[in-house]
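*Asks:* just need the structure, nothing else, for what follows:
(one chain, ligands or ions: 3)
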Amino acid sequence: MSGPDPVELSRWERFLEYFLFHFRWVVVIPIVLPLSIGYEVFTNFRNFIVFTAQSAPKAHDRKVALIKNQVKAWAAGDRTSKMCTARSGWNTMSFRVPLYKDSMTKIRTDMLIDILEIDPIAMTVRVEPMVTMGQLTRFLIPLGYTLPIVPELDDLTVGGMINGCGVESSGRKYGLFQHICQSYEIVTAHGELIVATKDKENEHQALFFGIPWSHGTLGLLVAATIRIIPAKPYVRLTYYPCQSKAKLLDRLENAAKSADNEFVEGLQFTHDTGVVMTGFFADSPPVNASVNNIGRWYKPWFFEHVRSICTANQEIVEYIPLRDYYHRHSRSIFWEIKDLVPFGNHPLFRYTLGWAMPPKISLLKRTTPKSVRNIYNRRHVLQDMLIPFDKASEAIDLFHEEVEIYPLWLCPFNLPSSPGLIRQRTGTNIIYVDIGVYGSCELEKYHPVDTTRKLESFVRSVKGVQMLYADTYMTLPEFWEMFDGTLYDWLRVKYGCKDAFPNVYEKINRAVRY
Ligand SMILES: Cc1cc2nc3c(=O)[nH]c(=O)nc-3n(C[C@H](O)[C@H](O)[C@H](O)COP(=O)(O)OP(=O)(O)OC[C@H]3O[C@@H](n4cnc5c(N)ncnc54)[C@H](O)[C@@H]3O)c2cc1C
Ligand SMILES: NC(=O)C1=CN([C@@H]2O[C@H](COP(=O)(O)OP(=O)(O)OC[C@H]3O[C@@H](n4cnc5c(N)ncnc54)[C@H](OP(=O)(O)O)[C@@H]3O)[C@@H](O)[C@H]2O)C=CC1
Ligand SMILES: CC(C)=CCC[C@@H](C)[C@H]1CC[C@H]2C3=C(CC[C@]12C)[C@@]1(C)CC[C@H](O)C[C@@H]1CC3
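*Replies:* Ligands and ions are numbered 1, 2, ... in the order given. Reported below is the predicted structural model:
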């Protein structure tokens, strides 16, 4: 099993690591922040021009033809290497850089960055896979629409949400990102364009169920049609502080099961304290209501705001502008930002430089020095485990015992029974909860491989799944115990994927990621 080597470090090396980790802001503030702003300005300007000129729908067919040609050229070749997207590893929204790309034929899909059309009758939006969540909310909300599920980090892409997994606080109502999709346009291993929908009449219906979680191993996604719903300008959010784990989970479960709530999320701050938040869309706030523009640059980090409500132990209601709500964890990259800019929540910093935050995740990834990466490898946990809700209490106890990292992100969602890589074939919907653990583990006994394997083993035992952007140390048989390969294996044969794309395990296991 691969993993970080237990290297003995000299005192000097330890000091250097400590210094680079704790003073990362010396590089982040003067270099990464300005670069992030430049990049943001450039992409927004480009999107504006493309949208104004309405060039995207016309250009799409040309871009697809280009991708088909690349695949056909691969098919006509010696087929000694397999295909993957050419998206550079440091651009992706996971801590790891994929090594498998080095030896594969890279198919350029990076030009697929446009929103193609919006259909207000069918209530759908058709987009290319490199479109980001930030781009979609910026486009849809002013038109009075939104995606039913908006995974919160601005730079997450539609392609990643579909071929990987996307989860958000509206999951109690809509499921995972894959469940709000209506069709996928795929370039197959033979270089043909096909459209897979969930309709029985569609000849590629099975592929529609197979694509989510398949990580680009069944074909190349070139567009997706996704449901949209009407949006209102605010979210009315109620915060319920809870002073015991039992109360927290009880409240979270009831909130997740209540049809009144559009949004349900929990943040757990210690083993016994946390806050459950429930929300629904709202028009303009009533007079005297508390309005909190949490996305503004001078506002405290969202998780710190919630922590203060937990400490005050008082139920409160706030009206939050919709886009601010969706991207509430963006400014603080959940709570990861405190390792990068420790004083970033200080009012002095927020009022002077807060407007420039957050640094772009891809640029942070690009500029992570080796010694800082070593610290992350040894101590940092980035995991999302999707667990049936009735096993959440046990899971939290295990996380507490093994890593004791807080806050924990608790995001309930509905998992319908359907074919595909996730094994949920009970015939009924089940409420799951995503337990997100992001932070440094201070426990002496923590070992990146052994501890993660322990957590993975528990998750398998309760019929849960691990999100695959994270480090996974499962063996191949363990992986197929967690995921369901029946439909997938058949699709790999049917669509000629076996020598065209790697198997999903060959893309996600720890050994192929740096
Ligand atoms: C839509 C679809 C079509 C498939 N077509 C074939 C095929 O033609 N040949 C093949 O070898 N494997 C096919 N498979 C793969 C097949 O599901 C797996 O190979 C596995 O055997 C499924 O067994 P299961 O009992 O677990 O069914 P599940 O995968 O649990 O079935 C889940 C759902 O898919 C539906 N379903 C399953 N198989 C089919 C089917 N053939 N046609 C329509 N709906 C189906 C079921 O009615 C059920 O609603 C298909 C899968 C799906 C989802
Ligand atoms: N709230 C949430 O749900 C969050 C989710 N995440 C995780 O982050 C990841 C998303 O990151 P992101 O940077 O957007 O995506 P990535 O570029 O990391 O893509 C994820 C996988 O999807 C494949 N893929 C992407 N686009 C296509 C395409 N057009 N055709 C075929 N395959 C494709 C990639 O294949 P290839 O390797 O060939 O490029 C890769 O295996 C997801 O896995 C998600 O689970 C992270 C943070 C929050
Ligand atoms: C909500 C879900 C399902 C997942 C959230 C995961 C994120 C918290 C991580 C995904 C990629 C991570 C990276 C970092 C922090 C945590 C994530 C955003 C870094 C910014 C940490 C500092 C490093 O130098 C670069 C990392 C890039 C990836």
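
*Asks:* spatially central residue for this structure, please.
*Replies:* Centroid-nearest residue in the chain: Gly166, 5.1 Å away (criterion: C-alpha atoms, centre = their mean).

*Asks:* isn't it right next to Leu156, touching?
*Replies:* Yes - Gly166 is in contact with Leu156 according to C-beta atoms under 8 Å; the separation is 6.9 Å. Heads up, the C-betas are built off the backbone N, CA and C, glycines and all.

*Asks:* pull out the buried positions in stretch 221-240.
*Replies:* 221-229, 231-232, 234-237, 239-240 (16 or more other C-beta atoms under 10 Å).

*Asks:* just the ones of those in strands?
*Replies:* Residues of the buried residues of stretch 221-240 located in strands (DSSP state E): 221-227, 229, 234-237, 239-240.

*Asks:* now the two most distant members of those.
*Replies:* With distances taken as C-beta to C-beta, the most widely separated pair in those is Val222 and Tyr240, at 43.5 Å.

*Asks:* quick check: end-to-end length of stretch 275-288?
*Replies:* 24 Å (C-alpha to C-alpha, to the nearest Å).

*Asks:* kindly apply the preceding question to stretch 278-288 instead.
*Replies:* End residues of stretch 278-288 are separated by 20 Å (C-alpha to C-alpha).

*Asks:* what about the residue of the stretch 51-200 of the chain found nearest ligand 1, distance to Phe208?
*Replies:* Across the stretch 51-200 of the chain, no residue is closer to ligand 1 than Lys200, which sits at 7.5 Å (C-beta to the nearest ligand atom). Noted for Lys200: a distance of 11 Å to Phe208, by C-beta to C-beta, to the nearest Å.

*Asks:* mind listing what the closest residue to Arg328 other than its chain neighbours touches?
*Replies:* Excluding the flanking residues, the one nearest Arg328 by C-beta to C-beta, 6 or more residues apart in numbering is Phe302, at 4.3 Å. Shown in contact with Phe302 (C-beta atoms under 8 Å, 6 or more residues apart in numbering): Ile294, Arg328, His329, Arg331, Ser332.

*Asks:* one more: Leu248?
*Replies:* Cys242, Gly266, Gln268, Thr273, Gly274, Val276, Leu410.

*Asks:* helix, strand or coil for it?
*Replies:* Classification of Leu248 using DSSP: H, G, I helix; E, B strand; the rest coil returns helix.

*Asks:* start the count at 24 instead of 1 going forward.
*Replies:* Sure, I'll start counting at 24 from here, so that last one is Leu271.

*Asks:* how much space between it and ligand 1?
*Replies:* The spacing between Leu271 and ligand 1, counted by C-beta to the nearest ligand atom, to the nearest Å, is 34 Å.

*Asks:* swap in Arg354?
*Replies:* For Arg354, the distance to ligand 1 - C-beta to the nearest ligand atom - is 41 Å.

*Asks:* tell me the contacts of that residue?
*Replies:* Neighbour list for Arg354: Gly318, Trp324, Phe325, Ile360, Met380, Pro381 [criterion: C-beta under 8 Å, 6+ apart].

*Asks:* how about the residues of this structure that lie near ligand 2?
*Replies:* 107-108, 110, 115-117, 121, 132, 152, 174-176, 179-180, 182-183, 186-191, 238-239, 243-244, 490, 492, 530 (C-beta under 6 Å from any ligand atom).

*Asks:* can you tell me how far Pro308 sits from ligand 3?
*Replies:* 28 Å.

*Asks:* ignore what I typed, I meant Cys434.
*Replies:* 7 Å.

*Asks:* count the residues that sit near the residue lying closest to Ser117 once chain neighbours are set aside.
*Replies:* The shortest distance from Ser117 to any non-neighbouring residue, by C-beta to C-beta, 6+ apart, is to Tyr492 (3.7 Å). Other residues within reach of Tyr492, judged by other C-beta atoms under 10 Å, total 21.

*Asks:* what's the answer for the one 5 residues further on, then?
*Replies:* Applying the criterion other C-beta under 10 Å, we find 23 residues in the vicinity of Met497.
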